[in-house]
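J.: sequence and predicted structure are below.
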Amino acid sequence: QVQLVESGGGLVQAGGSLTLSCAASGRTSSRYYTGWFRQAPGKEREFVAAIRWSGGDTAYAESVKERFTISKDNAKTTVHLQMNNLKTEDTATYYCAWSSLHQGHVAPPNLEYDTWGQGTQVTVSS
């Protein structure tokens, strides 16, 4: 089993930056993609970004392209989400998600993620 711990959330003004981290431990040898999702109050959870452990392929939601960058540290089994030019609409709880098995041609937003973190709050003020 994999355990995920997110960190790096907080309060920032619009236009500012934050970096979220997702540290994985446990049975991390089975790894496919790690993704970030977010959920704002009263809204459904939505895909933000994902990165493939083998090869480093990335995927982003349209709303965060050019502003967010996902990266990985293989040695530390950690995934980072650099968020720049933050907007008030980015306010949400951000969750890290781990996909352990290869799922063919399923796109990252639609993968089955079998482990989720507890979430970290990001609040962007105007």
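T.: Looks like it came in fine.
J.: mind listing the helices for this structure?
T.: Remark: helices of the chain are absent; assignment by DSSP state H.
J.: okay, which residue is most central for it?
T.: Trp36 (2.0 Å; C-alpha atoms, centre = their mean).
J.: pull the number of nearby residues for the closest residue to that residue other than its chain neighbours.
T.: Spatial nearest neighbour of Trp36, chain neighbours left out: Val48 (4.3 Å); criterion: C-beta to C-beta, 6 or more residues apart in numbering. In this view, the C-beta of every residue, glycine as well, is placed from N, C-alpha and C. Per other C-beta atoms under 10 Å, the neighbour tally for Val48 reads 24.
J.: my read: Cys22 touches Gly9, true?
T.: No: between Cys22 and Gly9 there is no contact, the gap being 11.3 Å when judged by C-beta atoms under 8 Å.
J.: neighbour-wise, which of these two wins?
T.: Ranked by neighbour count (other C-beta under 10 Å), Cys22 and Gly9 place Cys22 first, with 26 against 18.
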